[in-house]
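*Asks:* model the following, please.
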Amino acid sequence: YRYLLSRGATVDVCNNEGELPIDIAEGDDIIACLEDDMRRKGIDDEQARNIEHELMLKHAQDWLNNNQKTNTKSLAETIVHARTGATALHVACAKGYLDVIDILLRAGANINSVDNDGWTPLHAAAHWDKHDVIKFLLERHADLDAKNFAGQTPLDVCDGVTYELLKELKDKQTPVKTQVSETPDNVLLPWKRKPAPSRPTDEQKSILRSESHNENL
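*Replies:* The predicted structure follows:
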């Protein structure tokens with residue numbers, strides 16, 4: 001680690017879980033070394049953890065403002081990662097940035113957009129165990145049955161508590177079917193809707209009125 005630091009390794013960059021190197025460092029020596037490097041560079045660990053979030057929030061708001069002014073296709077949807085095909089919405093969902101997600105959707109981001117692997121933002125939220133994001137997306141009708149290019153739904157890319165949450169939410173989305181008791185009557189003679197009674201045509205009504213008039217003469 002000392003070698004990496006001497007070659008300019010950055011200590012204020014977060015991983016996918018929003019953790020700095022010092023957050024996952026083990027051993028007193030490396031922790032002390034990282035703390036010293038951060039102190040010398042004037043790095044505030046809390047600010048460093050929030051850099052990406054704040055930057056995405058600013059960009060999302062800019063895209064929303066631009067979309068409202070120009071009424072063109074949203075930048076939130078057209079700007080994608082060159083290698084992965086991920087949109088800003090994919091990233092925000094993987095990181096759990098609810099405020100960014102809300103603005104991106106209002107800015108025109110497609111809630112079911114897919115990256116180069118066919119993953120939707122809901123896949124990302126499920127895989128990274130972002131429960132609040134999962135609920136937020138499903139409340140806005142994200143496709144829980146969407147399959148990536150490997151044939152996996154969001155349920156297939158998570159496990160544990162997240163899997164149970166998605167399963168529960170999926171069950172709530174599924175209409176409850178009325179259970180019919182399989183007695184001999186309804187098995188052998190299934191219920192059929194009665195045919196609608198036929199109504200007389202205008203011509204038939206005229207004939208009936210004429211006949212009724214003749215009878216009264």
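
*Asks:* contacts, neighbours, all on C-alpha from now
*Replies:* OK.

*Asks:* what's the burial count for residue 151?
*Replies:* By other C-alpha atoms under 10 Å, 9 other residues sit near residue 151.

*Asks:* look up how far residue 140 lies from it.
*Replies:* Per C-alpha to C-alpha, to the nearest Å, residue 151 is found 23 Å from residue 140.

*Asks:* cool, residue 92 as well?
*Replies:* According to C-alpha to C-alpha, residue 92 and residue 140 sit 16 Å apart.

*Asks:* these two: which has the busier surroundings?
*Replies:* Just comparing residue 92 and residue 140: by other C-alpha under 10 Å the higher neighbour count belongs to residue 92, 24 against 10.

*Asks:* spit out the contact partners of that one.
*Replies:* 56, 98, 100-101 (C-alpha atoms under 8 Å, 6 or more residues apart in numbering).

*Asks:* among those residues, which one sits closest to residue 121?
*Replies:* Set against residue 121, the nearest of the contacts of residue 92 by C-alpha to C-alpha is residue 101 (9.8 Å).

*Asks:* isn't that closest one right next to residue 87, touching?
*Replies:* No - assessed by C-alpha atoms under 8 Å, residue 101 is found out of contact with residue 87, at 11.2 Å.

*Asks:* the two: which is more packed in?
*Replies:* Counted by other C-alpha under 10 Å, residue 101 and residue 87 do not tie: residue 101 has more neighbours, with 26 against 23.

*Asks:* in terms of pLDDT, where does that one sit?
*Replies:* In this model, residue 101 is scored at 97, pLDDT.

*Asks:* any idea whether it is helix, strand or coil?
*Replies:* With DSSP: H, G, I helix; E, B strand; the rest coil as the basis, residue 101 sits in helix.

*Asks:* and it, what does it touch?
*Replies:* Residue 101 neighbours (C-alpha under 8 Å, 6+ apart): 89, 92-93.

*Asks:* can I assume residue 38 sits in a strand?
*Replies:* No - applying three-state DSSP, one finds residue 38 to be helix, outside a strand.

*Asks:* leaving out sequence neighbours, find the closest residue to it.
*Replies:* Distances taken as C-alpha to C-alpha, 6 or more residues apart in numbering put residue 11 closest to residue 38, at 7.0 Å, once the chain neighbours are dropped.

*Asks:* at which residues are the helices of this structure located?
*Replies:* Ranges of helices within the chain are 2-6, 21-24, 28-40, 45-70, 75-78, 88-95, 98-106, 121-127, 131-139, 160-173, 184-188, 202-216, based on DSSP state H.

*Asks:* what about stretch 127-146, average pLDDT?
*Replies:* Stretch 127-146 comes out at a mean pLDDT of 97.
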